[in-house]
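Colleague: Sequence first, then the predicted structure:
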Amino acid sequence: MDCRVVVEAAVPVYDVETPDEAVRIAISKTGELLNPDLNYVEISMGERTCPHCGDDLDPAFVAADESLVALELEMSVFNVEREEHASRIARKEIGQRLENIPLEVLSVEEEVSEEETESGQSEGAADGA
């Protein structure tokens, strides 16, 4: 089974003035730490919401020219037995390169291969004929 794993990372950034600047620097910093070994990991801004009112918040919190940025790191993990196995592999692979950065697995979804999709469509076409 192949899985798509999304991991949230809390990336610290220093000497910034705005949330947008913090996000740009955090994405760049994370990309440098992951490349070239994990260049297949997709990096995007994390989504945060207020726990009390449910409003959307910026992915970066800035105070005293320092920021903590929520990023989502997404990667595929191949040939695993269970979703828990895929999440452990993703955390280990990403965590080895992002030392001292907290990680949390947000989601694990089984990937449907192109072969499975094509065979399902051909079977459906044969049943309908």
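Modeller: Received the coordinates, thanks.
Colleague: Which pLDDT value belongs to F61?
Modeller: F61 is assigned a predicted lDDT (pLDDT) of 90.
Colleague: and it, helix, strand or coil?
Modeller: strand (DSSP: H, G, I helix; E, B strand; the rest coil).
Colleague: just the strands in the protein please.
Modeller: 3-14, 42-45, 48-49, 56-57, 60-63, 66-77, 103-110 (DSSP state E).
Colleague: By mean pLDDT, flag the weakest helix or strand of this protein.
Modeller: helix 114-128 (a mean of 54; mean pLDDT, DSSP states H and E).
Colleague: Just put the strands of the chain in CSV and tack on distance to N35 and mean neighbour count.
Modeller: (C-beta placed from N, C-alpha, C; glycine too.) CSV is the format used below for those (distance: least, CB to CB, whole Å; neighbours: other CB atoms under 10 Å):
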stretch, distance to N35, mean neighbour count
strand 3-14, 15, 19
strand 42-45, 10, 14
strand 48-49, 26, 12
strand 56-57, 29, 12
strand 60-63, 22, 16
strand 66-77, 13, 19
strand 103-110, 18, 14
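Colleague: how about those in TSV, adding distance to S28?
Modeller: Shown next, in TSV, are these (distance: least, CB to CB, whole Å):
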stretch	distance to S28
strand 3-14	10
strand 42-45	9
strand 48-49	20
strand 56-57	22
strand 60-63	13
strand 66-77	11
strand 103-110	19
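Colleague: closest one to E84 among the ones you listed?
Modeller: strand 103-110 (8.0 Å; CB to CB).
Colleague: Output the contacting helices and strands for the closest one.
Modeller: Packing partners of strand 103-110 (3 or more CB pairs under 8 Å, 6 or more residues apart in numbering; DSSP states H and E): strand 3-14, helix 83-97.
Colleague: Identify the residues contacting the spatially most central residue of the chain.
Modeller: When CA atoms, centre = their mean is applied to the chain, the residue found nearest the centroid is L73 (2.2 Å). The neighbourhood of L73, defined by CB atoms under 8 Å, 6 or more residues apart in numbering, consists of 6-9, 30, 34, 41-43, 94.
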